[in-house]
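Asker: coords below, sequence missing:
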Ligand SMILES: [Zn+2]
């Protein structure tokens, strides 16, 4: 493992990946610093076709409210809203931040190119943050807009929203695969969040280094983060990053490597999701920001990328679900 920088929690790189090992390929170590990242903005944000594009960033928390989406008591933007707004200013796209679930009408959605969710819980209920909920018609309007060609980017807890109902507090329903009976929002997104274990440093395998924003990540990297687990992955996912579960601590990661970041087509729309983004120091990491710019730019249609489904090939054990509890130790 080679350190990317001396800073805490920065991404570091490995000379070989699980995937590379399985393919019998030995890759040379590439010590890399953020300064070595290719020049230019990922996601085609510097191009003529990106001009005037607008992003809607929706951060309603009906369930758990993350620190990066919580607005300060005195007013102003949350940590992640400020970063996304600043990225827009720097790279020439507009960002509208809202927690108001009533914005999802066909008329209102027309003005946005990409809709970004960092949400939680049942968004048709006022829930934890008490901001106005989405209506069922609003949810339908959102899904129709994406089907019709809008871009959608889900970050972290976007997959912890609209769980299959009922979703009892003991989380027993989380360990059941519902297949095509998945909630239509999660079907659009590509998978449903189950649970996460303790934050830890873990290795992420880059399964598509060609995807916009991924070049500096090379073949794999390690990061300290809160790592999500999932079920009901859609079989048409194009996996960009995969969780290497080998050596991870906790029952939640007792499963085969599975997708962490992916893209998929949804009708005429483009959907990008990354499970990362819990921690403030992930949001400020330039490599996370480049990944986000790449996903946003592809979702906005600034550029093309090959998103041929590859989930079976790169994460063949993706259907595995971890055991609900720590197995009892045998005497
Ligand atoms: Zn989290």
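Answerer: Perfect, I can see it now. The model shown is predicted, which means the values in this text are computed figures rather than measured ones.
Asker: CA only for contacts and neighbour counts going forward, please
Answerer: Fine.
Asker: residue 201 falls within a strand, correct?
Answerer: Yes: judged by DSSP: H, G, I helix; E, B strand; the rest coil, residue 201 forms part of a strand.
Asker: given the top strand by length along the chain, what are its sheet partners and their directions?
Answerer: Identified as the longest strand of the chain according to DSSP state E is strand 258-266. Sheet pairing of strand 258-266 (DSSP bridges) gives strand 238-244 (antiparallel), strand 269-274 (antiparallel).
Asker: give me the mean pLDDT for that strand.
Answerer: Taken as a whole, strand 258-266 has an average pLDDT of 98.
Asker: quick check: residue 283 vs residue 190, distance?
Answerer: Per Cα to Cα, to the nearest Å, residue 283 is found 22 Å from residue 190.
Asker: the two - which one has more neighbours?
Answerer: Comparing residue 283 with residue 190 by other Cα atoms under 10 Å, the one with more neighbours is residue 190, at 28 against 19.
Asker: not counting its neighbours along the chain, what's nearest that one?
Answerer: Excluding the flanking residues, the one nearest residue 190 by Cα to Cα, 6 or more residues apart in numbering is residue 234, at 5.1 Å.
Asker: what's the answer for residue 320, then?
Answerer: Distances taken as Cα to Cα, 6+ apart put residue 255 closest to residue 320, at 6.2 Å, once the chain neighbours are dropped.
Asker: kindly report the same for residue 279.
Answerer: Leaving aside its chain neighbours, residue 279 sits nearest to residue 225 (6.5 Å; criterion: Cα to Cα, 6+ apart).
Asker: strands along this protein, start to end?
Answerer: Counting by DSSP E, the strands of the chain are 2-3, 12-13, 54-58, 94-98, 114-117, 151-155, 192-196, 200-206, 220-225, 228-231, 238-244, 258-266, 269-274.
Asker: now these in TSV, with mean neighbour count and distance to residue 306?
Answerer: Listed next are the strands of the chain as TSV, based on neighbours: other Cα atoms under 10 Å; distance: least, Cα to Cα, whole Å:
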stretch	mean neighbour count	distance to residue 306
strand 2-3	16	30
strand 12-13	23	24
strand 54-58	22	23
strand 94-98	19	26
strand 114-117	24	19
strand 151-155	26	16
strand 192-196	22	24
strand 200-206	22	15
strand 220-225	22	20
strand 228-231	24	24
strand 238-244	25	9
strand 258-266	25	10
strand 269-274	26	12
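Asker: so for residue 317, which of the ones you listed sits nearest?
Answerer: Closest to residue 317 of the strands of the chain, according to Cα to Cα: strand 258-266, at 6.9 Å.
Asker: list the beta-bridge partners for the residue nearest to residue 111 when sequence neighbours are not counted.
Answerer: The shortest distance from residue 111 to any non-neighbouring residue, by Cα to Cα, 6+ apart, is to residue 54 (7.3 Å). On the basis of DSSP bridges, residue 54 is bridged to residue 94.
Asker: closest to residue 311 out of the strands paired with strand 258-266?
Answerer: strand 238-244 (5.8 Å).
Asker: residues making contact with that closest one?
Answerer: 18, 202-209, 211, 256-264, 307-311, 314-315 (Cα atoms under 8 Å, 6 or more residues apart in numbering).
Asker: OK, contacts around residue 100?
Answerer: Contacts of residue 100 (Cα under 8 Å, 6+ apart): 58, 60, 131-134.
Asker: could I get the residues you listed as JSON lines with distance to residue 83?
Answerer: Shown next, in JSON lines, are the contacts of residue 100 (distance: Cα to Cα, whole Å):
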{"residue": "58", "distance to residue 83": "14"}
{"residue": "60", "distance to residue 83": "17"}
{"residue": "131", "distance to residue 83": "22"}
{"residue": "132", "distance to residue 83": "24"}
{"residue": "133", "distance to residue 83": "25"}
{"residue": "134", "distance to residue 83": "25"}
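Asker: can you pick the most crowded of these?
Answerer: Most neighbours among those, by other Cα under 10 Å: residue 60, with 32 neighbours.
Asker: name the nearest residue to that residue, ignoring sequence neighbours.
Answerer: residue 99 (4.5 Å).
Asker: got the confidence number for that neighbour?
Answerer: On the pLDDT scale, residue 99 gets 98.
Asker: distance from the chain centre to stretch 173-181, please.
Answerer: Put simply, stretch 173-181 sits 20 Å off its chain's centre (Cα atoms, centre = their mean, to the nearest Å).
Asker: determine how far the last residue of that stretch lies from the first.
Answerer: Start-to-end span of stretch 173-181 (Cα to Cα) is 13 Å.
Asker: what do you get for stretch 312-319?
Answerer: Terminal residues of stretch 312-319 are spaced 10 Å apart (Cα to Cα).
Asker: report the mean confidence score over that stretch.
Answerer: Across stretch 312-319, the average pLDDT comes to 98.
Asker: can you list the buried residues in it?
Answerer: 314-315, 318-319 (16 or more other Cα atoms under 10 Å).
Asker: next: stretch 245-258.
Answerer: Per 16+ other Cα under 10 Å, stretch 245-258 contains these buried residues: 245, 248, 252-258.
Asker: now stretch 277-295
Answerer: Neighbour counts over stretch 277-295 (16+ other Cα under 10 Å) mark 277-279, 282-283, 286-295 as buried.
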